[in-house]
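*Asks:* Any chance you could fold what I've pasted below:
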Amino acid sequence: MIKNLLSQVLDDDQILENEPMKNHTSFKIGGNARFLVQPNSIEVLAELVKILKDVPQIVMGNGSNLLIGDNGFDGVVIKICGALSRTYAEDNIIIAESGALLSRIANVALENGLSGFEFAAGIPGTLGGAVVMNAGAYGGEMKDVIISTEYIDENGDIKEITEHEFDYRKSIFSDKKWIITKCRIQLCPNDKIQIKALMADLAERRREKQPLEFPSAGSTFKRPDGFYAGRLIEDAGLKGYTIGGAQISEKHGGFIINTGNATFDDVARLIEYVKQKVYEQFGVELETEVKIIDEH
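*Replies:* From the prediction side, this is the model:
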């Protein structure tokens with residue numbers, strides 16, 4: 001029945017059945033999705049929302065902030081990254097679809113001599129996910145540059161907003177079933193050599209401090225008020241602590257990495273262990289930044 005619904009708006013090569021989610025997440029963890037679909041236009045995506053109204057679904061970008069259970073997902077995963085990634089500049093504004101990688105947008109900004117997006121060049125996700133969680137790094141956040149966002153609401157209607165209610169790692173989209181489709185990004189003209197130099201500097205700092213050589217979902221925990229999660233974890237003596245194939249990175253305490261064969265359970269148990277130990281020692285409750293989807 002679901003396959004029939006999907007076939008109304010998608011070609012067969014856009015519909016994957018029993019697709020291993022470990023192939024679509026940066027953690028390289030996750031069981032099979034009953035269906036994974038990749039719409040190739042905003043209009044098709046809107047039609048999908050309408051016909052899948054009563055079907056369990058997940059919307060994902062590049063899977064860089066996603067931890068999916070070993071039992072997979074018994075519904076439809078809508079993957080935005082890929083086809084919905086058109087990006088171009090108009091004067092000092094970049095218009096980008098939600099599936100565009102942040103690195104791609106940063107490069108388009110560089111090509112057009114536009115500054116202000118350098119902070120996001122090394123964040124491995126897509127624009128849509130970055131706006132939902134107001135992603136940030138090195139002193140910059142999406143709230144600094146996003147001026148308007150087009151989205152599809154729960155009824156499949158395409159709308160636009162300019163007020164995003166951005167806060168630390170959240171936005172108006174965080175608790176809604178809206179799918180971001182396109183954003184307008186306000187930047188400033190600058191010398192291309194300076195933009196490129198800043199991007200290179202931030203990339204080098206990221207390589208030095210983060211375990212980019214291992215699968216992970218980036219920073220595992222949100223920053224608690226007045227603290228840094230990575231520092232608390234390191235001060236608790238947990239750097240390098242391992243459960244199964246999951247490990248707290250020896251390079252950066254804020255990252256849980258997959259050393260090669262980690263299961264969802266390994267990572268979930270390690271997350272809980274870290275939260276428990278940090279609370280016991282410092283009285284601080286850590287919250288996960290990673291989106292966790294687990295079907296028992």
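
*Asks:* Which residues are in contact with I292?
*Replies:* L67, A268 (Cβ atoms under 8 Å, 6 or more residues apart in numbering). Just so you know, the C-beta spots here come from the backbone N, C-alpha and C atoms, and that holds for glycine as well.

*Asks:* Quick check: it is in a strand.
*Replies:* Yes: according to DSSP: H, G, I helix; E, B strand; the rest coil, I292 belongs to a strand.

*Asks:* Quick one, grab the pLDDT at it.
*Replies:* Looking at I292, its pLDDT is 94.

*Asks:* got it, and A96?
*Replies:* Value listed for A96 in the pLDDT field: 98.

*Asks:* One more: E47?
*Replies:* So, for E47, pLDDT stands at 95.

*Asks:* Same check on the one 4 residues further on?
*Replies:* According to the model's per-residue confidence, I51 sits at a pLDDT of 93.

*Asks:* list the contacts for it?
*Replies:* L5, L6, Q8, V9.

*Asks:* From the residues you listed, which land in helices?
*Replies:* The helices, defined by DSSP state H, take in L5, L6 from these.

*Asks:* Tell me which two of the contacts of I51 sit farthest apart.
*Replies:* Greatest spacing in those, by Cβ to Cβ: L5 and V9 (8.3 Å).

*Asks:* Helix, strand, or coil at the nearest residue to G140 once chain neighbours are set aside?
*Replies:* Spatially, and ignoring its direct neighbours in sequence, G140 is nearest to F119 (3.0 Å; Cβ to Cβ, 6 or more residues apart in numbering). Secondary structure, three-state DSSP: F119 is helix.

*Asks:* coming back round to it: just name the closest of the contacts of I51 to E213, please.
*Replies:* Nearest to E213 among the contacts of I51, with distances taken as Cβ to Cβ, is L6, at 37.2 Å.

*Asks:* Quick one: residues contacting the closest one.
*Replies:* So L6 contacts I15, F35, V37, L48, I51, L52, V76 (Cβ under 8 Å, 6+ apart).

*Asks:* Of these, which belong to helices?
*Replies:* Per DSSP H, those map to helices at L48, I51.

*Asks:* ok, the nearest residue to V284 once chain neighbours are set aside to Y279 distance?
*Replies:* The shortest distance from V284 to any non-neighbouring residue, by Cβ to Cβ, 6+ apart, is to P224 (5.1 Å). To Y279, P224 is 11 Å away according to Cβ to Cβ, to the nearest Å.

*Asks:* any shared contact partners between these two?
*Replies:* E285, L286.

*Asks:* Just the pLDDT at the residue lying closest to Y241 once chain neighbours are set aside, thanks.
*Replies:* Spatially, and ignoring its direct neighbours in sequence, Y241 is nearest to I248 (4.9 Å; Cβ to Cβ, 6+ apart). Looking at I248, its pLDDT reads 97.

*Asks:* How about H296?
*Replies:* Per-residue confidence (pLDDT) for H296: 64.

*Asks:* do the same with L212
*Replies:* The model's pLDDT for L212 equals 89.

*Asks:* From G30, how far out is the residue nearest to it when sequence neighbours are not counted?
*Replies:* Nearest in space to L212, with sequence neighbours left out and distances taken as Cβ to Cβ, 6+ apart, is R206 at 7.0 Å. For R206, the distance to G30 equals 25 Å [Cβ to Cβ].

*Asks:* What of I51?
*Replies:* 25 Å.

*Asks:* So which bits of stretch 19-37 are buried?
*Replies:* 19-22, 24-37 (16 or more other Cβ atoms under 10 Å).
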